[in-house]
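*Asks:* the following comprises the amino acid sequence and a computationally predicted model.
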Amino acid sequence: MGKDKWDKVIEYLTHSDRDPQKVLNLLKGCDQNKESNYDVNRASYSLNIIAIITQKQLDPQNEGKTLTHIIRHWVKSKDFIQFYNLMKGEEKITYDKNKVEDYTKQLKDLWYSKAQSGNKEYFKTTDGYYVVGMGFQKKTGLDYKKASNRNVEKIRPKAKVFEKIFNKIKKKKRSSRTIVS
């Protein structure tokens, strides 16, 4: 009698330390080209980590501090706790303050991973931000790769610009609310 075509897969899954629910979630996400939240979170987790660590390294407050120090302080922050719980929510995993050193090691390993070298280079050129809407430019004929050699500051708005615009909008709303008697 012939072997079933799934015997290899079943043998591998039953004799490894795989979590059956995680494997099922992964397979369900692949069905009919539909992405589940699990797939999206899993794919974007490392991208977000690399971007945030790049931003933290470029922050003037962290100048001269080691990567481990920067990551450890971020892992202890409320920002990381919310990020971690959001990204791991589908897996029903929550932040545990007793695992700070484990999280720090995981993020450092991710940072030094060869698979992330392309993401690190990209975020170095954009100061840790993902540039949206920088497709082919009709005026200049440049795509992002060619434009990255140019001054990226002209492409990327800074937080101060947003702050000034926000303050102007607030002032206009206040002045339009004044009651004329």
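*Replies:* Yep, it's here.

*Asks:* what separates V100 from I70, distance-wise?
*Replies:* V100 sits 14 Å away from I70, going by Cβ to Cβ, to the nearest Å. Placement of C-beta: from N, CA and C, glycine included.

*Asks:* for G64, same thing?
*Replies:* G64 is 11 Å from I70, by Cβ to Cβ.

*Asks:* and these two? Which one has more around it.
*Replies:* Taking neighbours as other Cβ atoms under 10 Å, G64 and I70 compare with I70 leading, 18 against 5.

*Asks:* show the pLDDT at that one.
*Replies:* Per-residue confidence at I70 stands at 95 (pLDDT).

*Asks:* and it, how far from T54?
*Replies:* 10 Å.

*Asks:* for the protein, which spans come out with low pLDDT?
*Replies:* Counting by pLDDT under 70, the ranges of the chain that qualify are 1-2, 29-36, 132-181.

*Asks:* and N41, how far from K88?
*Replies:* 8 Å.

*Asks:* what's the answer for N48, then?
*Replies:* Look at N48 and K88: by Cβ to Cβ, they are 12 Å apart.

*Asks:* what's the answer for K114, then?
*Replies:* 24 Å.

*Asks:* of these two, give the one with the bigger neighbour count.
*Replies:* Using other Cβ under 10 Å, the more surrounded residue of K114 and K88 is K88, with 15 against 6.

*Asks:* quick check: that one touching T94?
*Replies:* Yes: at 7.1 Å, K88 counts as touching T94 under the criterion of Cβ atoms under 8 Å.

*Asks:* done for today, thanks.
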